[in-house]
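Asker: my questions are about this predicted structure, shown below with the sequence.
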Amino acid sequence: MKVSAVRQALLLIALAFVPAIGEAIYFRGKVSWQSLDRSSEMVNLDQAQSWGANAIWVDARPDNEFEQDHVPGAIPLNEDRWNELLPTLLAQWSLEKKIVVYCSSQSCNASREVARRLRDEAGLKDVFVLRGGWEEWLKNRR
């Protein structure tokens, strides 16, 4: 009887690994805790502020968070209202401008997604994600 129970337990463990291995293979490049941003696409707060008037600040947070507070002069642009808000950004953009996208924190993915869409869909260059996001801005508010 004990041999049978051990065999069944091993079979259940083996069966549990089948979907796990499948997911590991399928999602190998999409692990959420890995930053998919290349370091060239990230910018720290000091560097972004040094660009002065040549920086366009884009707030990727939800509308209610933007309305409570935001980087002075920032333009709201989030996934929920992408088509509605994108023209406002494009009206202010020019070739010499750099775009700094932020969301609530370093772990927030909204800024990465908005930056990716600005590069891929809108064809804009010099689009950066603010390292640390809104939390970093608040800590170093000037």
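Answerer: Cool, got the structure.
Asker: state the distance from residue 9 to residue 17.
Answerer: Residue 9 is 13 Å from residue 17, where distance means C-beta to C-beta, to the nearest Å. C-beta coordinates here come from the backbone N, C-alpha and C atoms, glycine included.
Asker: over to residue 70?
Answerer: Residue 70 sits 47 Å away from residue 17, going by C-beta to C-beta.
Asker: repeat for residue 118
Answerer: Separation of residue 118 from residue 17 (C-beta to C-beta): 40 Å.
Asker: more neighbours, these two?
Answerer: residue 118 (22 against 11; other C-beta atoms under 10 Å).
Asker: you'd agree that one is up against residue 124?
Answerer: Yes: judged on C-beta atoms under 8 Å, residue 118 makes contact with residue 124 at a distance of 4.8 Å.
Asker: any idea which helix or strand comes after the longest helix belonging to the chain?
Answerer: The single longest helix within the chain, with elements called by DSSP state H, is helix 2-26. Downstream of helix 2-26, the next assigned helix or strand under DSSP states H and E is strand 42-43.
Asker: coming back round to it: which residues do residue 118 and residue 124 both contact?
Answerer: residue 99 (C-beta atoms under 8 Å, 6 or more residues apart in numbering).
Asker: flag the shaky bits of the protein, pLDDT-wise.
Answerer: Scanning the chain with the threshold set as pLDDT under 70 gives 1, 27-40, 142.
Asker: so for it, the centremost residue is which one?
Answerer: The centroid of the chain falls nearest to residue 112 when counting by C-alpha atoms, centre = their mean (2.4 Å).
Asker: contact partners of the host helix or strand of that one?
Answerer: Assessed by DSSP H and E, residue 112 sits inside helix 110-120. Identification of contacts with helix 110-120 by C-beta under 8 Å, 6+ apart yields 36-37, 41, 58, 60-61, 77-79, 82, 89, 99, 101-104, 124-125, 127-130, 133.
Asker: redo that, cut-off 6 Å
Answerer: Where contact means C-beta atoms under 6 Å, 6 or more residues apart in numbering, the residues beyond helix 110-120 that reach it are 37, 60, 77, 101-103, 124, 127, 129.
Asker: quick one, domains of this structure?
Answerer: Following automatic domain parsing, the chain resolves into domains at 1-34, 39-139.
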